[in-house]
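A.B. asks: Got a predicted structure plus its sequence, pasted below:
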Amino acid sequence: MADKPSYFYAPLSAPVVHVLLAACLISAVVRSLRRSYLQLTPAARETISRYYSRRGRLVALFAALALAGLLQAAYAGVTYLVLSYKVWAGEHGVDLPERYAHLHLFWGENGVFAFSLARNPMLDNVARWLGDVPIYADAWEIGAERVKRQWWGRQLDLGVLPWTLLLAIEGRGRRVPFTWAYLGLAHLVGLSFGQNLFYLALLLTPRPVVAIANDGLPASRRAAIRDAISPPKPLNWCPHPGLFLISYAFSALSLCFPLPLVVTLSLARQVLLTRALTFVPLLLPMVVPKSWGTVHHHPHHARSSFTALFQVISAASLVLHGSISLRSLLSGSVLDHDHRHSGVMLVDTERRDAWDRTTLGFGKILSAGHGHPVVAGASRDVLLSALSLGLWAAVRAIDARDVLRSSVPFYNGSLSPASRPRAPPPETTDARALLAEELRAESEATAPARDQSYEPRPARRRGRPRKTGAVGEVKVDLEEPANEQPLHVGEEDGAVEWESAALAWGIAAAGGLGSAAAGVFGGECVSW
């Protein structure tokens, strides 16, 4: 009886668990978007419906960007797996399927999805390949072999840091459930995919949020256990900024150590530690006691703390970006493009060598992003994230001064009018009263601008009103607020600020993705 191949169930289950976990997180995000909509009051839902009719194209835009991020991540992953299997098959003398070769090992008599699985050895070969080759460790090692390849991965690591602060601030302020799922998808699929999904959540959840009693949904057993372990805090409660600083200090320290060139236990621990530390800012508001934070009378009172946090993150990102860029520019070797899968890749070496001879150092970094599928996937993810970041700054009309103030350390520019501190409201913590106060202030500020001939109406005398014209006057008074109802934040029909988009893209090109994200997300947190 022929010997059966030895199966290693852990390597076999790892890719399956990866895909299933990503699918579960996507399902959680969809539930999050639905729950965010159900938490709104009927008036807010009506406003959202009017918003769809005016600017629903923004939802389609960022949904398309999220789909592009998902497709490019899937393409990069499948291409890498095919290359890895081809190299393993060549080393072990395993014949590759000849029929339908253009479909990459999947269809045909010897393909994975064969016409007759009973007499197909391909599945056994796949099991042996996954048992012999540590595909995740190989991917990490390929990205760490050359400094120019590390540059693209470092951009993703730096871009995650300010985004986690945005998740912590806006996710809590807008009551977006499952914010950890967006961050998990950024690690499992791609940063651009997770970010664009959260952009959709921000579009579907205006701020300030006024929820109906008990949020319109029955309390689940999981929520009851969570509230028993960690009692819910007031909506305007924020943890002390020093707690976030400690968290980001550990994250920055984990990125300071250079990656080893050979996969070891230290590399795996360093990668896992870097990923795990990104979840700490999301856990802080839930686990720390109420006494470790401050209850603000108005959310605007925490703007200075938010800006300072984004400035610190931007400064750390600039230092780390400058370090990896300097190392990439100084490093140069004829083996920069070589890797373990070079023998099975079809690459125009003459064109690549001509590019390396005629370009500068940064051009060689760009060239490294088009080599191996793992590095190419990371480079496309960086570019998609930067593209969506600039578009978000444009469509949200984030003021360029707020972007500079959050991304440039020690920038002393004046705040934009939208983000200047307002007069303190009355001593109340009721969300409905706060919303009514804001809408009343906005209505009083915009009334003279709508009509230059605006004059206050004389006070109506006491007594029985006249019948002539009384119905018409009452009809006008009732219809006018309906036509001029103020919109929630993020729903204005203002012009697109392409200046902010150009500024964000310029900062990303000069200072890295982390600094640009800190500027845009910092401006987002103080622009409402």
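C.D. replies: Perfect, I can see it now. Computed from a predicted model, the values in this text were never measured in an experiment.
A.B. asks: C-alpha from now on. contacts and neighbour counts both.
C.D. replies: OK.
A.B. asks: and the gap between the nearest residue to Gly293 once chain neighbours are set aside and Arg275?
C.D. replies: The shortest distance from Gly293 to any non-neighbouring residue, by C-alpha to C-alpha, 6 or more residues apart in numbering, is to Pro239 (4.0 Å). To Arg275, Pro239 is 22 Å away according to C-alpha to C-alpha, to the nearest Å.
A.B. asks: Ramachandran coordinates for the residue nearest to Gly293?
C.D. replies: phi -60, psi 160 (degrees, to the nearest 10).
A.B. asks: In this structure it contacts His296, no?
C.D. replies: No: between Pro239 and His296 there is no contact under C-alpha atoms under 8 Å: 10.8 Å.
A.B. asks: which residues of the protein fall in strands?
C.D. replies: 107-108, 113-114, 237-239, 293-295 (DSSP state E).
A.B. asks: Sketch out the low-pLDDT regions of the stretch 251-400 of the chain for me.
C.D. replies: Applying pLDDT under 70 to the stretch 251-400 of the chain picks out residues 258-267, 298-301, 332-358, 361.
A.B. asks: how about the helices of it, start to end?
C.D. replies: Using DSSP state H, counting those that start in this stretch, the helices found in the stretch 251-400 of the chain span residues 265-277, 280-287, 303-330, 349-358, 361-368, 373-395, 400-407.
A.B. asks: Can you name every helix or strand that the fifth one contacts?
C.D. replies: I take that to be helix 361-368. Packed against helix 361-368, as judged by 3 or more C-alpha pairs under 8 Å, 6 or more residues apart in numbering; DSSP states H and E, are the following elements: helix 147-173, helix 303-330, helix 349-358.
A.B. asks: Output the helices of the stretch 251-400 of the chain in TSV; the columns should cover distance to Tyr85 and mean neighbour count.
C.D. replies: Output for the helices of the stretch 251-400 of the chain, formatted as TSV (distance: least, C-alpha to C-alpha, whole Å; neighbours: other C-alpha atoms under 10 Å):
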stretch	distance to Tyr85	mean neighbour count
helix 265-277	22	15
helix 280-287	37	18
helix 303-330	30	20
helix 349-358	23	11
helix 361-368	23	18
helix 373-395	14	23
helix 400-407	44	26
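A.B. asks: Can you lay out these as CSV showing distance to Phe62?
C.D. replies: Formatted as CSV, the helices of the stretch 251-400 of the chain follow (distance: least, C-alpha to C-alpha, whole Å):
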stretch, distance to Phe62
helix 265-277, 25
helix 280-287, 23
helix 303-330, 24
helix 349-358, 34
helix 361-368, 26
helix 373-395, 8
helix 400-407, 21
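A.B. asks: between those, which one is nearest to Cys256?
C.D. replies: Closest approach to Cys256 among the helices of the stretch 251-400 of the chain (C-alpha to C-alpha): helix 303-330, 7.1 Å.
A.B. asks: what number of residues lie near the residue nearest to Gly293?
C.D. replies: 19 (other C-alpha atoms under 10 Å).
A.B. asks: so what's it up against?
C.D. replies: Leu284, Pro285, Val288, Lys290, Trp292, Gly293, Thr294 (C-alpha atoms under 8 Å, 6 or more residues apart in numbering).
A.B. asks: Nearest to Val319 among those?
C.D. replies: Checking the contacts of Pro239 against Val319 with C-alpha to C-alpha, the nearest one is Leu284 at 25.7 Å.
A.B. asks: got a pLDDT number for the closest residue to that closest one other than its chain neighbours?
C.D. replies: Once flanking residues are discounted, Leu284 sits nearest to Pro239: 7.3 Å by C-alpha to C-alpha, 6+ apart. The score at Pro239 is 85. That number is its pLDDT.
A.B. asks: what does the one 5 residues further on give?
C.D. replies: Here the pLDDT value assigned to Phe244 is 91.
A.B. asks: Just give the number of residues close to it.
C.D. replies: Phe244 has 16 neighbours, counted by other C-alpha under 10 Å.
A.B. asks: wait, Ala518 sits on Val408?
C.D. replies: No: with contact defined as C-alpha under 8 Å, Ala518 does not count as touching Val408 (9.2 Å).
A.B. asks: Looking at the two, which one has more neighbours?
C.D. replies: Using other C-alpha under 10 Å, the more surrounded residue of Ala518 and Val408 is Ala518, with 35 against 21.
A.B. asks: Look up how far Phe306 lies from the residue nearest to Gly293.
C.D. replies: Remark: distance between Pro239 and Phe306 (C-alpha to C-alpha) = 11 Å.
A.B. asks: Same check on Leu81?
C.D. replies: Taken as C-alpha to C-alpha, the span from Leu81 to Phe306 is 42 Å.
A.B. asks: again, but for Val133
C.D. replies: Distance from Val133 to Phe306, by C-alpha to C-alpha: 45 Å.
A.B. asks: What of Leu20?
C.D. replies: For Leu20, the distance to Phe306 - C-alpha to C-alpha - is 36 Å.
A.B. asks: next one: Asn196
C.D. replies: Distance from Asn196 to Phe306, by C-alpha to C-alpha: 22 Å.
A.B. asks: same check, this time on Gly377
C.D. replies: Distance of Gly377 to Phe306, given as C-alpha to C-alpha: 32 Å.
A.B. asks: before we move on, the earlier item: next, format the contacts of Pro239 as CSV and append distance to Val160.
C.D. replies: As requested, the contacts of Pro239 are exported to CSV (distance: C-alpha to C-alpha, whole Å):
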residue, distance to Val160
Leu284, 17
Pro285, 19
Val288, 22
Lys290, 27
Trp292, 25
Gly293, 24
Thr294, 26
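A.B. asks: among those residues, who's most crowded?
C.D. replies: Ranking the contacts of Pro239 using other C-alpha under 10 Å puts Pro285 first, with 23 neighbours.
A.B. asks: which non-adjacent residue is nearest that residue?
C.D. replies: Pro239 (6.2 Å).
A.B. asks: what's the answer for His18, then?
C.D. replies: His18 sits nearest to Leu188 (C-alpha to C-alpha, 6+ apart), 7.2 Å away.
A.B. asks: Since that was my last question, I'll sign off now.
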